[in-house]
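Chemist: Could you work out the structure for the sequence below:
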Amino acid sequence: MSDASRDAQPAKLNDLGIDLDPDSISDPSVRRVVMLLCNLIEEVALENAHLKAENQALRDEVARLKGEQGKPNIRAKTRRDISSEDERKSERRTGRPRKPRAPKVEQLTITRTEVVPIDKSLLPDDAVHKGYETAIVQELVISSEVIELKRETYYSPSLRKTFTAPVPQGYKGSFGPGLRSTLMLLRTVGNMTEPTITELLNGFGVVIGKSSVDRILLKDKQAFHDEKAEIVTAGLAATSYQHIDDTSARVKGENYHSHVVCNPYYSAFFTRNTKDRLAILAILSGAGTADQLPRLWNQEARGILTGLGWARKRLALLESLPEGEPMTKAELDQWCAARELPGEPIRRLTEAMTIAAYHARTDIPIVPILMADDAPQFKLLAQKLALCWIHDARHYKKLRPVMPCHQRLLDDFLGQYWKFYHELRAYKDAPSAEDAERLTQRFTELFSTTTGYGILDERIAKTKAKQAELLLALSHPELPLHNNPAELGARAQVRKRDVSLHTMTDEGTEVQDTCLTLRETAKKLGVNLRDYFFDRVSKTYAMPSLADIIRERSSQAPAPG
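Modeler: Below is the predicted model:
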């Protein structure tokens, strides 16, 4: 249901003093008629909300075509919160002592001691000095420095050649490594635009223009792109699962998609113009585009193609495909053109063969399990798909029953829903075959419930159909139950989009993806991003790469299960 549809819902009947409980009716026939009427009211109310939203959208479009503006999108103050964080965190986890916080003073190193004298004219004659009362204060000092580099120069008459001392490591052009790394920090962590960065630096006495800021932020970043690629390779191999999600992005005024792939050790960002299976496979394979991916015809591809709805009468055509031999995009396109295949079958065939080729590769980490929402582009890519319980719960929280009896049924079911969720959380701490069997049976019972509220019952049946994906944690206790890490990663991209509506060049888009990857990964690993940027920009390389840290920590993690 759209936001507009939810906001357009009529008032609940109990707000009007109407409260009808079908269960209180003793006559079964009358009770059934009343239940049917209550469900009819819900359906009519929902359809009315949809029609209102559609009508408003059409009116806005008419206004736009006439050169006017449509109705502003102002969220209602009473809009229902569909977040499930309160329910997810409501039950305390036993057996896990709360990690004590280290005092902030112990994290500080005193760099200067200043004695603060007292005005002795305010003291009585008998006042005796008793020492000092200590207070720890943090201060920030930002100052610009103008360095004159006097490079020694020698001339050899015999060689007719001048010898000049090289520029110190990390210095480039008119700006030193400290300034250049600070620019990256302001852009990456501070989410500041180039004009704002220029204004800030000018205020601190740095003489720099917007074009220089742009050049420092965008140019010569291949070393960082290479490290991002290493982070992704190390991250994909670090765990048995990967979170994945996407959000909208804008590039040169066009609609794009920002993909997030992550686990507890890293988060990686990829902006692409599509969000189909081929785009995701290119990301997981480390390829620049889907066109670079190999295609493979084998038994797995046959099975995938059948599942994707390839017409059986066309299956005979595929016997001429080279069995088990990788093909390029151009080779497959030529094969399809010779047989005059239409566009949709070609797309299905390409997806099936590309997925099969990805699973057959041994030179890159292959993702065994994807944790995602129920979007179709995430299916078939990994051996198994784990679905997010929080995302599934949102569908229930979006329901807006107008009948009080239906509201009670929804509240009661959601109580059972979250109780089961917390049982799954407890199982992950101490998994056993007996509990796995019990929870499977409990899932079947809970999501076979028939409440009499038709829309809720349809929603319950849809959850039951996803049993294998929602209960995958029973056989893989290391799996999380939700996809929040990927959604939080997507939120980082949204904050970028809020500040700068879109990137203007492919180069700028790639740099933004790389810097977001470095920022979010450094945060997860506890690495100071300021120190990391300075280390890389100054070409000191005293700090280990983030990819090496991922490999080290993942190798020390306990084995799953």
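Chemist: in the stretch 401-550 of the chain, which spans are strands?
Modeler: Taking DSSP state E, counting those that start in this stretch as the test, none of the stretch 401-550 of the chain falls into strands.
Chemist: Show the backbone phi and psi for the nearest residue to Asn202 once chain neighbours are set aside.
Modeler: Leaving out its chain neighbours, the residue that sits closest to Asn202 by Cβ to Cβ, 6 or more residues apart in numbering is Ile208, at 7.0 Å. Every residue, glycine included, has its C-beta placed from N, CA and C. Here is the backbone geometry of Ile208 (degrees, to the nearest 10): phi -150, psi 140.
Chemist: I'd say Ile208 and Thr198 touch.
Modeler: Yes - contact status for Ile208 versus Thr198: in contact at 6.4 Å, counting by Cβ atoms under 8 Å.
Chemist: out of the two, which sits in the more crowded spot?
Modeler: Neighbours per residue, other Cβ atoms under 10 Å: of Ile208 and Thr198, the larger number sits with Thr198, 20 against 17.
Chemist: Just to check, that one is in contact with Val206?
Modeler: No - using Cβ under 8 Å as the test, Thr198 is too far from Val206 to be in contact (9.1 Å).
Chemist: ok, Ala290 - how many residues close by?
Modeler: For Ala290, the number of neighbouring residues by other Cβ under 10 Å comes to 21.
Chemist: Now for it: which residues touch it?
Modeler: Residues near Ala290 by Cβ atoms under 8 Å, 6 or more residues apart in numbering: Leu278, Ala279, Leu281, Ala282, Thr354.
Chemist: Give me the distance between the top helix by length along the chain and the centre of its chain.
Modeler: Among the segments of the chain that qualify as a helix by DSSP state H, the longest is helix 28-65. Using Cα atoms, centre = their mean, to the nearest Å, we find the averaged C-alpha position of helix 28-65 to lie 34 Å away from the chain's own average C-alpha position.
Chemist: Quick one: list the elements packing against that helix.
Modeler: For helix 28-65, the helices and strands in contact under the criterion 3 or more Cβ pairs under 8 Å, 6 or more residues apart in numbering; DSSP states H and E are helix 3-7, helix 404-429, helix 454-464.
Chemist: what's near enough to touch Tyr155?
Modeler: Applying Cβ under 8 Å, 6+ apart, the residues near Tyr155 are Lys161, Thr162, Phe163.
Chemist: ok, now with 7 Å
Modeler: Thr162 (Cβ atoms under 7 Å, 6 or more residues apart in numbering).
Chemist: From the centre of this protein, point out the most distant residue.
Modeler: Asp125 (67.8 Å; Cα atoms, centre = their mean).
Chemist: so what's it scoring on pLDDT?
Modeler: The score at Asp125 is 88. That number is its pLDDT.
Chemist: Are we agreed that it is in a helix?
Modeler: No - Asp125 is assigned coil when assessed by DSSP: H, G, I helix; E, B strand; the rest coil, not a helix.
Chemist: Now do stretch 205-221: distance to the chain's middle.
Modeler: Shown here is stretch 205-221, whose average C-alpha point lies 29 Å from the average C-alpha point of the whole chain (Cα atoms, centre = their mean).
Chemist: Buried ones in it, by neighbour count?
Modeler: Of the residues in stretch 205-221, those buried by neighbour count under the rule 16 or more other Cβ atoms under 10 Å are Val206, Ile208, Ser212, Val213, Ile216, Leu217, Leu218, Lys221.
Chemist: contacting residues for the closest residue to Lys210 other than its chain neighbours?
Modeler: Nearest-residue entry for Lys210: Thr198, 4.8 Å, with adjacent residues in sequence omitted and distances by Cβ to Cβ, 6+ apart. By Cβ under 7 Å, 6+ apart, the contact list for Thr198 reads Ile208, Gly209, Lys210, Val213.
Chemist: what two of those residues are the furthest from one another?
Modeler: Of all pairs drawn from these, the greatest distance, 8.4 Å, lies between Ile208 and Lys210 (Cβ to Cβ).
Chemist: Right, I'll leave it there.
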